[in-house]
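J.: sequence plus predicted model, see below.
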Amino acid sequence: MKAIVAVDEKWGIGKNNDLLFSIPEDMKFFRQTTLNKVVVMGSNTLKSFPNGAPLKNRINIVLSTTVNRDDCIVVRSLEELKSKIKEYDKSQVFLIGGAKLYGTMIDYCDEAYITKVKADGNAQVFFPNLDQKEGWEMVSESEEKISNELKFAFTTYKNNNTKNL
């Protein structure tokens, strides 16, 4: 399983149930990377999408005790989530948020695609700081890019201590 996220300088990821930044190149990377794959999210992440609708051309798995819908797979507990994820090729499964789910499931990911934005987004919720997390190491970093006056880089982190589901 992999995680995919954009973070600010403080590893912030969101504010008022929305993304911190609008970076078209990052959104394109997210779409291309997750297309026809399995995306795993919490209910607030689902609510943050346009019209609260699941992402098209993906299998959407939502961890929630309150969401009831037929257009995605809803699981009610972490144990049910782990069991459901096992039904898929783990290289095709992407954790896409929110902060609570990232914090709970990051150790089960073998890789994380982190778009690092060189700005402070005044975030309310945060992704685990992989630069300080034992077992994680950055294995690649793109050249610095600029979009909407924001500097950013695409990075890939590898987990050397991946937990089994």
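T.: Arrived safely.
J.: show me what contacts Asp110?
T.: Shown in contact with Asp110 (Cβ atoms under 8 Å, 6 or more residues apart in numbering): Met1, Lys2, Lys90, Lys158, Asn159, Thr162. For the C-beta atoms, the positions are set from N, CA and C on the backbone; glycine is no exception.
J.: let's see that with 7 Å instead.
T.: Met1, Lys2, Asn159, Thr162 (Cβ atoms under 7 Å, 6 or more residues apart in numbering).
J.: which of those count as buried?
T.: Among the contacts of Asp110, those classed as buried by 16 or more other Cβ atoms under 10 Å are Met1, Lys2, Asn159.
J.: got the contact list for the last one?
T.: This points to Asn159. Taking Cβ under 7 Å, 6+ apart, one finds Cys109, Asp110, Glu111, Gly135, Trp136 in contact with Asn159.
J.: try it again with 8 Å
T.: Shown in contact with Asn159 (Cβ under 8 Å, 6+ apart): Ile106, Asp107, Cys109, Asp110, Glu111, Ala112, Gly135, Trp136.
J.: also the first one?
T.: With contacts taken as Cβ under 8 Å, 6+ apart, Met1 has the following neighbours: Val40, Ile85, Lys90, Val93, Phe94, Leu95, Met105, Tyr108, Cys109, Asp110, Leu165.
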